[in-house]
Each structure stands twice: as structure tokens, then as C-alpha cells.
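Undergrad: Have a look at this fold, sequence not included:
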């Protein structure tokens, strides 16, 4: 197996197919690996087939919710820009660092009043539902929509494809960020500059 998919300690040791089913997600790629295959094994096969979208889909359902929200926030920060204002993003980032009910209430307020036109709204949605229920207080007993966190992270990461420089480079950046988070890193992998010619200053 490729070293790229080793030591993914944050990813559950469950079959990839089970994690996909739990999030109500499906591959578009036909796999030869057995239904019991691990996430690293399936990622390796998907990589061989060049199935980058399915790799991102699998990573979105495999990362724990809090880590998945952070992965989404990294994409959200790129979409908003370093100087851009995004109440959804800043509140989602705050929840990752301090996942309390107070911040979750702020997330709810931001989603209700300030999410329109906010490019990073999926980050706030993912953070709000990451605890697995419909909200704090009386809503704690009601489960969150199936796969909502994964869907938000998947969608916002794919939106960064338009940032370039080319689809393959961008796909690999998205995947490598998730893999870094899965190893316990912060996911802040930098985009590789493929435009500079050798010998250029």
C-alpha cells in the first residue's frame, strides 16, 4: 500500500464501505476491493484509478466530525480569502477550538441571520451538526441529518477547485490536507507551485 495512506490514526478502523453507508454516501467508482477493505486500502485503489472525487468523498465520511469541520474550514478560508469577512467561518473555527454549547448557539444565530451570501456557510452548518444532534438543550435528543457534516466538507472542498492552478494539483492538495489531519496534523498543507520553471529566480 502507498505510504501516502499510512498512519491515519484519526480514521476509525472500520471498513470503508460501512463508513460510507453510515453517511448515506456512495462511490461512483467501481471497486475491486472487498466490502471489508479498510479506508487506506480503498483510498489506494481509488488513487490508482484517478478517482479523486471519490477519495475526497471517502475522507469526508472517515474523518471524525470535529476534524472534518476543520478540514472544511481550511477550504472556507481559501474561498473567503485572507482578508475576507465571514461570520460563518470565524464561528465555525471558534467551535473547532472550543466545541461548547455557547459557541454552538452562536453558530445557530449566525446561520439564521448572516449566512446568506457567505461562501463559508457550509463550515458553520458542519460545525453546528458535528455533535450529532439538532442542537443544544431540548434538541440534543434528536439526531442530526445523516451525513450532513461529511456532505458540507465534501461540497466546500470541491468548490476550491476553481481556485486552481489545475484540477489535479488542487485535488491532491485537498486530499493531502485531509490525510495530514487524519495523522494528527493541522491540515495546513501548502499548494505546490507547479508554474515556476527550473532556473527561474
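TA: Arrived safely, thanks for sending. Since the model is a prediction, treat every value here as computed from it, not as a measurement. Numbers count the residues shown, from 1 in each chain.
Undergrad: Could you tell me the end-to-end distance of stretch 154-167?
TA: End-to-end distance for stretch 154-167: 15 Å, by CA to CA, to the nearest Å.
Undergrad: Would you mind giving the secondary structure of the residue nearest the centre of the chain?
TA: Geometric centre of the chain, nearest residue: residue 153, 3.7 Å, by CA atoms, centre = their mean. Put simply, residue 153 is helix when judged by DSSP: H, G, I helix; E, B strand; the rest coil.
Undergrad: isn't it right up against residue 70?
TA: No - the pair residue 153 / residue 70 is not scored as a contact, 9.2 Å apart, by CB atoms under 8 Å. Just so you know, the C-beta spots here come from the backbone N, C-alpha and C atoms, and that holds for glycine as well.
Undergrad: can you tell me how far the residue nearest to residue 126 when sequence neighbours are not counted sits from residue 135?
TA: Leaving aside its sequence neighbours, residue 126 sits nearest to residue 152 (CB to CB, 6 or more residues apart in numbering; 3.8 Å). According to CB to CB, to the nearest Å, residue 152 stands 16 Å off from residue 135.
Undergrad: And residue 75, by the same measure?
TA: Taken as CB to CB, the span from residue 75 to residue 135 is 24 Å.
Undergrad: which one of the two has more residues nearby?
TA: More crowded of residue 75 and residue 135, by other CB atoms under 10 Å: residue 75, with 27 against 17.
Undergrad: is it fair to say that one lies in a strand?
TA: No - looking at residue 75 with three-state DSSP, it is helix, so not inside a strand.
Undergrad: for it, what are its contacts?
TA: Each residue near residue 75 by CB atoms under 8 Å, 6 or more residues apart in numbering is listed here: 123, 153, 156-157, 159-160, 174.
Undergrad: Same question for residue 135.
TA: 104, 108, 128.
Undergrad: number of nearby residues for the nearest residue in space to residue 124 that is not next to it in sequence?
TA: Counting by CB to CB, 6+ apart, residue 124 lies nearest to residue 88, which is 3.8 Å off, once chain neighbours are set aside. As a burial measure, residue 88 scores 25 neighbours (other CB under 10 Å).
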